[in-house]
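[1] mind folding the following:
(one chain, ligands or ions: 1)
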Amino acid sequence: MFVPSIIIKKKRGEELSKEEIDFLIQGYTNNTIPDYQMSSLLMAICLKGMSEKETAYLCQAMINSGEVVDLSNIEGLKVDKHSTGGVGDKTSLVLGPMVASLGGKVAKLSGRGLGHTGGTLDKLESIPGFNINLSIAEFKEAVRKVGLAIIGQTSELDPADKKLYALRDVTGTVDCIPLIATSIMSKKLSTGTDCILLDVKYGSGAFFEDINDSIELAKCMVKIGKNMNKDTKAIISNMNQPLGNAIGNSLEVIEAINTLHGNGPKDLVDLVVNAGSIMLVQAKIYDDINKAKIDLEKSLKDGSAFNKFVEFVKQQGGDISYILDPSKFPKAKYTIEVLSKKEGYVEKINTIGIGQASLYLGAGRAKKEDSIDYSAGIIVNKKPGDHVNEGELLATLYTNKEDTNYIIDEVINDFVIVNNKTNKLNVIDEVIG
Ligand code: URA
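    Residues are numbered from 1 along each chain as shown. All right, here's what the predicted structure looks like:
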């Protein structure tokens, strides 16, 4: 097969065959198709879309690029959740230990930062020693022993997504329903989990601003999961504000630790309690969702979720002294306060702007090979519905970069402040599946 002809076919909006999709994914995974051809194809897919059939072929080809983990000899139904990506989204770091502390078995394949959104793997790697590259045998052992393991795509597990994900991050090809759906579902289906909960975000900090696009994405993923006989559900959650207050890798780990100690921001706690209760019912550990919510809330108060997090970090080689004493995380050289220029109420936050500002401060990558500054990021002090005085703190920026004055102005402009009282935002709008 001739790669340029397949790219042209997609550019014209024609449907690719299973053989063509298999050929592309195999060739890209084993390095016979270069990045520049795959980038061009990805852009054509973004512009012309994919049919339901092509999406299913692509997902299967990505799963086939590696192995599928057999978790059947671990007792109970295995359950996983995956977010489509947001700003300040440290949900997995809190939700995983909470669900595992109540008997859930969470086997998770996560991603790195993508576009303006952060990634669970980068956050975990901000904990010194934390190993996201477990072998399949080590992964299974961690799920069996701790009830929670989080790793990245490897040469054994969904290697196609590992390469495509990194390429999409730097080629403007992230916000595309079939590419997001296949990236997420190929990861979920490679880990051999039985139940999948998708956290599909919409709003100014998500890949789709319009809730209807996010619902379409959710339905596409739920369909892929159900066709593979997995119990798949989706929540549609609001990303018109950063989740919690911290954005940036170690800043988010610290916020996750505070949340596991029972001191979390309300929106994050609402999300993890609601998502966790659905997962525990999917895993058939609870049949009453309200009882599951009560026990999840309790796990944040009685230390059991925090203890599970410590166990999880230790199992994957992380230095738990940082978890026991978060003041040990390295601090950025510069701390810059962003103050409000007027009095009023926060109506909106341009959340993508906050995510991008965090990347410029050092928390993300502009090129595939860039390294991340784990200490960089932003703490947001005001959210929609909050009152703010002139001169009051809107946000604090953390960076090791010089010359970041232009970011201060951008962050100020990301807060829309009005005279009339405004409302707090809901976290979850809908459940699908
Ligand atoms: N999360 C993923 O794993 N992949 C995407 O494409 C977007 C979010």
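
[2] Asp403 - how many residues pack around it?
    7 (other C-beta atoms under 10 Å). For every residue, glycine as well, the C-beta is placed using N, CA and C.

[3] now swap in Ala137 and tell me
    Neighbour tally, Ala137, other C-beta under 10 Å: 9.

[4] mind checking which helix or strand it is in?
    Taking DSSP states H and E as the criterion, Ala137 maps to helix 136-146.

[5] and the stretch 151-300 of the chain, which residues reach the ligand?
    179-180, 183-184, 187 (C-beta under 6 Å from any ligand atom).

[6] now the helix holding Ala137: average pLDDT?
    Within the predicted structure, the mean pLDDT of helix 136-146 is 96.

[7] which other helices and strands contact that helix?
    Packing partners of helix 136-146 (3 or more C-beta pairs under 8 Å, 6 or more residues apart in numbering; DSSP states H and E): strand 105-110, strand 148-152, helix 304-315.

[8] do a quick rundown of the strands in the protein.
    78-83, 105-110, 148-152, 195-202, 231-238, 246-247, 334-339, 344-349, 377-380, 387-388, 393-399, 415-418, 428-432 (DSSP state E).

[9] turn the ones you listed into a markdown table, columns for mean neighbour count.
    Converted to a markdown table, the strands of the chain look like this (neighbours: other C-beta atoms under 10 Å):
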| stretch | mean neighbour count |
| --- | --- |
| strand 78-83 | 26 |
| strand 105-110 | 25 |
| strand 148-152 | 25 |
| strand 195-202 | 27 |
| strand 231-238 | 23 |
| strand 246-247 | 30 |
| strand 334-339 | 15 |
| strand 344-349 | 20 |
| strand 377-380 | 26 |
| strand 387-388 | 16 |
| strand 393-399 | 22 |
| strand 415-418 | 18 |
| strand 428-432 | 15 |
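
[10] between those strands, which gets nearest to Lys308?
    Of all the strands of the chain, strand 148-152 sits nearest to Lys308, with 6.8 Å by C-beta to C-beta.

[11] and the closest one, which strands flank it?
    strand 105-110 (parallel) (DSSP bridges).

[12] can the strand it pairs with be found next to the ligand?
    No - residues of strand 105-110 contacting the ligand under C-beta under 6 Å from any ligand atom: none, with a closest distance of 7.5 Å.

[13] please renumber the chain so that the first residue is 57 from this point on.
    New numbering, starting at 57: the last item is strand 161-166.

[14] give me the distance from that strand to the chain's centre.
    Strand 161-166 has its C-alpha centroid displaced from the chain centroid by 13 Å (C-alpha atoms, centre = their mean, to the nearest Å).

[15] ditto for stretch 278-288
    For stretch 278-288, the distance from its own C-alpha centre to the chain's C-alpha centre is 20 Å (C-alpha atoms, centre = their mean).

[16] kindly export it (C-alpha atoms) in PDB.
    What follows is stretch 278-288, C-alpha atoms only, in PDB (Å, rounded to 0.1, in the frame of the first residue of the first chain):
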ATOM      1  CA  VAL A 278     -19.800   4.000  25.300                       C
ATOM      2  CA  LYS A 279     -20.700   2.300  22.000                       C
ATOM      3  CA  ILE A 280     -17.100   1.000  21.500                       C
ATOM      4  CA  GLY A 281     -17.000  -0.300  25.100                       C
ATOM      5  CA  LYS A 282     -20.400  -2.000  24.800                       C
ATOM      6  CA  ASN A 283     -19.500  -3.600  21.500                       C
ATOM      7  CA  MET A 284     -16.500  -5.200  23.300                       C
ATOM      8  CA  ASN A 285     -18.900  -6.400  26.100                       C
ATOM      9  CA  LYS A 286     -17.600  -4.000  28.700                       C
ATOM     10  CA  ASP A 287     -19.900  -2.300  31.200                       C
ATOM     11  CA  THR A 288     -19.200   1.300  30.000                       C
END
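
[17] who's in contact with it?
    Stretch 278-288 has contacts (C-beta atoms under 8 Å, 6 or more residues apart in numbering) with 108, 111-112, 115, 133, 237-238, 241, 244-245, 249-254, 277, 289-290, 338, 488-489.

[18] stretch 190-200 too?
    By C-beta under 8 Å, 6+ apart, the list of residues contacting stretch 190-200 from outside reads 123, 125, 127, 130, 134, 161-163, 204-205, 207, 212-213, 247, 368, 371-372.

[19] cutoff 10 Å now
    Contacts with stretch 190-200, where a contact means C-beta atoms under 10 Å, 6 or more residues apart in numbering, come from 122-127, 129-131, 134, 156, 161-165, 187, 189, 204-208, 210, 212-213, 247-249, 367-368, 371-373.

[20] domain parsing for the protein?
    59-105, 134-380, 387-474 (automatic domain parsing).

[21] turn the ones you listed into CSV, including distance to Ile484.
    Below are these laid out as CSV (distance: least, C-beta to C-beta, whole Å):
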stretch, distance to Ile484
domain 59-105, 28
domain 134-380, 5
domain 387-474, 16
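
[22] pick the most deeply packed of these.
    Neighbour counts (mean count of other C-beta atoms under 10 Å) averaged over each of the domains of the chain peak at domain 134-380, with a mean of 22.

[23] going by neighbour count, list what's buried in stretch 122-133.
    By 16 or more other C-beta atoms under 10 Å, the buried positions in stretch 122-133 come out as 122-123, 125, 127, 130, 133.

[24] quick one: distance of it to the chain centre.
    That offset, for stretch 122-133, works out to 23 Å (C-alpha atoms, centre = their mean).

[25] what about it, average pLDDT?
    Rounded mean pLDDT across stretch 122-133 is 93.

[26] likewise stretch 421-441?
    Mean predicted lDDT for stretch 421-441 stands at 91.

[27] let's see it as CSV, backbone CA atoms only.
    The C-alpha coordinates for stretch 421-441 follow below in CSV (Å, rounded to 0.1, in the frame of the first residue of the first chain):
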residue,chain,number,x,y,z
ARG,A,421,5.7,20.4,26.5
ALA,A,422,5.8,22.4,23.3
LYS,A,423,7.8,19.7,21.5
LYS,A,424,7.7,15.9,22.0
GLU,A,425,11.2,15.8,23.4
ASP,A,426,10.7,18.7,25.9
SER,A,427,11.1,17.9,29.6
ILE,A,428,8.6,19.2,32.2
ASP,A,429,9.2,21.4,35.2
TYR,A,430,7.3,19.6,37.8
SER,A,431,7.2,22.6,40.2
ALA,A,432,5.7,25.0,37.7
GLY,A,433,2.0,25.9,37.6
ILE,A,434,-0.8,28.0,39.0
ILE,A,435,-2.9,28.0,42.1
VAL,A,436,-6.3,29.6,41.3
ASN,A,437,-7.8,31.4,44.3
LYS,A,438,-11.1,32.5,42.8
LYS,A,439,-13.7,30.5,40.9
PRO,A,440,-17.0,31.5,39.3
GLY,A,441,-19.5,32.6,41.9
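
[28] fine by me, thanks again.
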